[in-house]
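Asks: Make a model of this:
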Amino acid sequence: MHNRPWSRARRTVLLGALSSLLFACSPSPAQDDATSPGHATAPAQGGSPVAVCGHTEPGPTSAPVGAVTVDPEVRSDLTAKTDDNPPGTTFWLAPGTHRLGDGEFDQVMPKDGNVYLGAPGAVLDGRGANKYAFSGQAENVSIQHLTVQGFVPPRDEGVVNHDSGDGWKIEFSTIQKNGGAGMMAGARQQVRGNCLRDNGQYGMNAYQSANGVTGLVVEGNEIVGNNTEDWESQVDGCGCTGGIKFWAVNGADIRDNWVHDNRGAGLWADTNNNDFLIEHNVIEDNDGPAIMYEISYNAIIRDNTIRRNNMVEGKGFVDRGDNFPAATIYLSEAGGEPRVKARTSKIDIYRNVLTDNWSGITLWENADRFCNSEANTSGGCTLLVADRERCSPPDIESDPLRADCRWKTQNVDIHDNRFSVDAAAMGCGSMCARMAILSNYGTFPEWSPYKADAVQDAITFDQHNTWRDNHYVGPWTFTAHDTSKTIHFGQWQSTPFQQDQNSTLERSGG
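Replies: Predicted structure coming up:
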């Protein structure tokens with residue numbers, strides 16, 4: 001039995017109320033502001049990303065009319081002037097290194113509508129002493145053209161927008177070399193044209209405990225080198241690493257970013273996320289999967305260039321004798337659900353180009369993981385059942401709860417993608433270049449209605465998961481139903497699997 005190939009952070013989140021909120025409300029549409037001044041992009045279709053780190057758009061060289069000047073030579077000048085001025089004030093941070101007080105909780109508490117503009121060379125440095133840079137629940141705060149570094153929040157907490165205030169804009173800034181996450185996210189947050197690099201845990205942790213994050217835009221950023229503290233080695237199975245982690249986000253546009261060289265996954269949506277559009281990104285050289293979409297719903301993943309991901313974690317599976325098909329795009333108990341409102345009612349994966357990654361796409365569903373089971377560590381339930389206690393015998397033994405108490409890998413459409421791998425050059429043997437759809441044999445808890453091969457059969461044959469119209473180059477093999485069943489392309493296309501109709505395979509390249 002293979003239980004959970006990647007564990008998640010064991011943090012209990014307030015998902016009961018959130019489930020009702022997301023199910024009842026249509027997500028706020030994310031704003032498409034691709035024509036905004038200074039818009040930075042990393043075009044994926046050509047496969048040549050645009051570097052943002054070291055090239056962020058510079059801020060104004062003098063204070064704009066009406067702005068309050070912040071002096072780097074005056075300790076805590078930024079905090080004092082923020083406190084002394086009304087909401088909606090614009091602050092211009094003059095060139096130089098700005099410092100807060102010496103206390104670990106010295107931080108800036110913006111007021112509604114405040115704007116913080118960094119001059120060329122303006123740096124806000126926590127010096128390893130301060131935990132947080134910008135905190136509080138003010139709305140519609142803007143931070144632009146500023147370098148923020150040297151802050152040391154605890155694990156799972158962030159430096160900028162620490163308390164996940166709504167409506168923040170973080171643009172054209174460098175957030176680097178901090179502990180924890182470079183930033184947190186609130187509803188309607190816009191993150192554009194930034195360099196998020198070398199932070200101890202994440203570049204961004206998109207999580208809000210009250211109502212959940214809605215209408216998030218992450219566009220034109222370079223997200224590189226995060227998880228420098230290698231948290232998985234410190235807390236075994238924490239599942240708390242990577243470029244960006246998304247928790248219970250309802251409506252997100254993730255486009256035109258360059259996500260590379262992160263320790264862990266590149267983009268990881270974990271626990272009751274919904275309505276994601278992931279497009280035109282270049283995602284490469286991350287230690288783990290390029291994209292993980294876990295116990296979540298409804299997404300479009302299209303037109304991304306994805307290269308050389310999961311080499312480190314893939315080899316780690318081999319080294320410990322684990323034959324699970326470690327994936328580059330990994331869907332774990334995640335699928336389309338028309339009853340949860342979104343721009344699509346499926347997970348639609350198309351027009352992506354995947355080159356020399358450890359493997360391809362794995363669709364996985366843990367038979368023992370469902371609302372109110374020991375294998376569900378989130379503390380919440382699906383977006384279809386608000387009260388987890390309902391997912392208990394005898395009610396769970398029959399529909400609708402038998403169906404709705406599970407996060408299902410269902411309604412996944414994988415089409416018009418190109419998968420190319422040179423396995424010989426990579427030296428990965430038969431354990432890479434795999435595509436997979438599978439589950440484990442259900443065994444627990446004792447009262448589980450999903451025992452034996454019920455989920456294995458469902459994910460493989462009955463949940464509308466389809467590969468079609470794809471092109472493969474290399475020695476691809478396919479795993480279906482369970483880890484013991486590896487088949488070749490002809491078997492994959494034939495009865496009973498009937499996958500990859502109208503697809504082609506060239507066996508060159510490995």
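Asks: any weak-confidence spans in the stretch 251-400 of the chain?
Replies: For the stretch 251-400 of the chain, the stretches with pLDDT under 70 are 377-378.
Asks: And the helices in it, which stretches?
Replies: 311-319 (DSSP state H, counting those that start in this stretch).
Asks: And for the stretch 51-200 of the chain?
Replies: 77-84.
Asks: Listing request: residues of it with sub-threshold pLDDT.
Replies: Scanning the stretch 51-200 of the chain residue by residue, none of them satisfies pLDDT under 70.
Asks: Would you confirm that Glu232 belongs to a strand?
Replies: No. Counting by DSSP: H, G, I helix; E, B strand; the rest coil, Glu232 is located in no strand; its state is helix.
Asks: Could you check the pLDDT of it?
Replies: With respect to pLDDT, Glu232 scores 77.
Asks: What count of nearby residues applies to it?
Replies: Residues lying near Glu232 (other C-beta atoms under 10 Å) number 21. Glycine gets a C-beta too; all of them are placed from N, C-alpha and C.
Asks: Give me the nearest residue to it, chain neighbours excluded.
Replies: Using C-beta to C-beta, 6 or more residues apart in numbering and skipping the chain neighbours, the partner closest in space to Glu232 is Thr241 (5.5 Å).
Asks: what sits against Asp356?
Replies: Residues in contact with Asp356 (C-beta atoms under 8 Å, 6 or more residues apart in numbering) are Arg307, Arg308, Ser420, Val421, Asp422, Ala425, Met426.
Asks: try 10 Å this time
Replies: Contact partners of Asp356, counting by C-beta atoms under 10 Å, 6 or more residues apart in numbering, are 284, 306-309, 311, 328, 420-423, 425-426, 432-433, 474, 509-510.
Asks: same check, this time on Gln493
Replies: Contacts of Gln493 by C-beta under 10 Å, 6+ apart are Trp467, Phe478, Ile487, Gln499, Asp500, Gln501, Asn502, Ser503, Leu505.
Asks: Pop out the phi and psi values for it.
Replies: phi -80, psi -20 (degrees, to the nearest 10).
Asks: my guess is Glu374 contacts Pro445, does it?
Replies: Yes. Using C-beta atoms under 10 Å, Glu374 is in contact with Pro445, at 6.0 Å.
Asks: what about the two, which has more around it?
Replies: Pro445 (13 against 10).
Asks: Just the element for that one, please.
Replies: Assignment of secondary structure by DSSP states H and E places Pro445 within no helix or strand.
Asks: Please look at it and Ala367 and confirm they touch.
Replies: No. Contact between Pro445 and Ala367 fails when scored by C-beta under 10 Å: they sit 11.5 Å apart.
Asks: what's the burial count for the nearest residue to Asp83 once chain neighbours are set aside?
Replies: Leaving out its chain neighbours, the residue that sits closest to Asp83 by C-beta to C-beta, 6+ apart is Met109, at 7.5 Å. Neighbour count for Met109, taken as other C-beta under 10 Å: 16.
Asks: Tell me if I'm right that Met109 and Pro87 touch.
Replies: No. In this structure Met109 lies outside contact range of Pro87 using C-beta under 10 Å: 11.6 Å.
Asks: Spit out the residues that contact those two alike.
Replies: Taking C-beta under 10 Å, 6+ apart as the criterion, Met109 and Pro87 both touch Ala138.
Asks: could you list every residue that touches Thr328?
Replies: By C-beta under 10 Å, 6+ apart, the neighbours of Thr328 are 266, 283, 286, 288-292, 306-311, 314, 352, 354-362, 419, 421, 432.
Asks: gap between the spatially closest residue to it that is not a sequence neighbour and Arg302?
Replies: Setting aside the residues directly before and after it, Thr328 is nearest to Asn357 in space (C-beta to C-beta, 6+ apart), at 3.9 Å. Distance, Asn357 to Arg302, using C-beta to C-beta, to the nearest Å: 17 Å.
Asks: Comparing those two, which residue is more hemmed in?
Replies: Asn357 (30 against 18).
Asks: can I assume the more buried one is in contact with Met435?
Replies: No. Applying C-beta under 10 Å as the test, Asn357 and Met435 come out as separate, 11.5 Å apart.
Asks: Quickly list what's touching both of these two.
Replies: Common neighbours of Asn357 and Met435 (criterion: C-beta under 10 Å, 6+ apart): Ala327, Phe419.
Asks: hey, what's in contact with both of Glu374 and Pro445?
Replies: In contact with both Glu374 and Pro445: Asp368, using C-beta under 10 Å, 6+ apart.
Asks: Residues in a beta bridge with the closest residue to Tyr450 other than its chain neighbours, which ones?
Replies: Of all residues not flanking Tyr450 in the chain, Gly442 sits nearest, at 4.6 Å (C-beta to C-beta, 6+ apart). Legend: beta-bridge partners of Gly442 under DSSP bridges are Ala452.
Asks: Count the residues that sit near Gly442.
Replies: Using other C-beta under 10 Å, Gly442 has 20 neighbouring residues.
Asks: so what's it up against?
Replies: Neighbour list for Gly442: 1, 366-370, 448-456 [criterion: C-beta under 10 Å, 6+ apart].
Asks: From those, which land in strands?
Replies: Of these, none are assigned to strands by DSSP state E.
Asks: Now the buried members of those residues.
Replies: Buried subset of the contacts of Gly442 (neighbour count, 16 or more other C-beta atoms under 10 Å): 366-370, 448-451, 453-456.
Asks: out of those, who's nearest Arg75?
Replies: Each of the buried ones among the contacts of Gly442 was scored against Arg75 by C-beta to C-beta, and Arg369 proved nearest at 51.0 Å.
Asks: Now the closest one, what are its backbone angles?
Replies: The phi and psi values for Arg369, taken as degrees, to the nearest 10, are phi -110, psi 110.
Asks: doesn't Glu333 make contact with it?
Replies: Yes. Arg369 lies in contact with Glu333 (C-beta under 10 Å); the separation is 6.1 Å.
Asks: Now do the shared contacts for those two.
Replies: Jointly contacting Arg369 and Glu333 under the rule C-beta under 10 Å, 6+ apart are Arg4, Ile295, Ala375, Asn376, Arg406, Trp407, Ser439, Val455.
Asks: Please work out how many residues are found near the fourth one.
Replies: With neighbours defined by other C-beta under 10 Å, the count for Asn376 comes to 24.
Asks: How about the contacts made by it?
Replies: Asn376 sits next to 8, 271, 295, 333, 366, 368-370, 382, 388, 391, 405-407 when contact means C-beta under 10 Å, 6+ apart.
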